[in-house]
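Based on what follows, work out the 3D shape:
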Amino acid sequence: MDETPAAALDTGERPLEVGEFYEQVTGLLERAFPKSRPVTIRGEIAKIYEKSHLYLTLSTPVPRPRTPAAPSSTPTAGSPSGVD
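Modelled structure (predicted):
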């Protein structure tokens with residue numbers, strides 16, 4: 001049976017204490033992303049703020065549509081504005 005993060009958390013009848021929840025989530029993240037195997041991500045820093053710690057909000061950049069290249073305004077030889 002494949003264990004997804006949601007299924008891996010204790011979903012018993014009683015509420016989890018903050019420390020229990022923290023330990024379970026930390027364990028899941030450490031197994032998924034071990035320190036021995038660094039992860040590189042691509043994205044943008046959408047927001048930075050500080051309240052005794054530094055917090056980052058990361059986001060996936062939205063691809064911007066490409067605009068067609070503007071025609072060159074450089075005069076060419078033999079053209080009315082060019083130097084002959």
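
What residues sit buried inside the helix or strand where Gln24 lies?
For Gln24, the element it lies in under DSSP states H and E is helix 18-32. The neighbour-count check on helix 18-32 (16 or more other CB atoms under 10 Å) flags Leu28 as buried. Bear in mind the C-beta positions are built from the backbone N, C-alpha and C, glycine included.

now for it, which elements pack on it?
helix 5-8 (3 or more CB pairs under 8 Å, 6 or more residues apart in numbering; DSSP states H and E).

So what's the model's average confidence on the helix it packs on?
Averaged over helix 5-8, pLDDT sits at 57.

quick revisit: report all helices and strands that the helix or strand just after the helix holding Gln24 contacts.
Using DSSP H and E, the helix or strand that follows helix 18-32 in sequence is strand 44-50. Contacts defined by 3+ CB pairs under 8 Å, 6+ apart place strand 44-50 against strand 54-59.

what comes into contact with the strand it packs on?
Ile41, Gly43, Glu44, Ile45, Ala46, Lys47, Ile48, Tyr49 (CB atoms under 8 Å, 6 or more residues apart in numbering).

Quickly list what the closest residue to the fourth one other than its chain neighbours is bridged to.
Going back to what we said before, that points to Ile45. Leaving aside its sequence neighbours, Ile45 sits nearest to Leu56 (CB to CB, 6 or more residues apart in numbering; 5.6 Å). Leu56 has these beta-bridge partners by DSSP bridges: Ile48.
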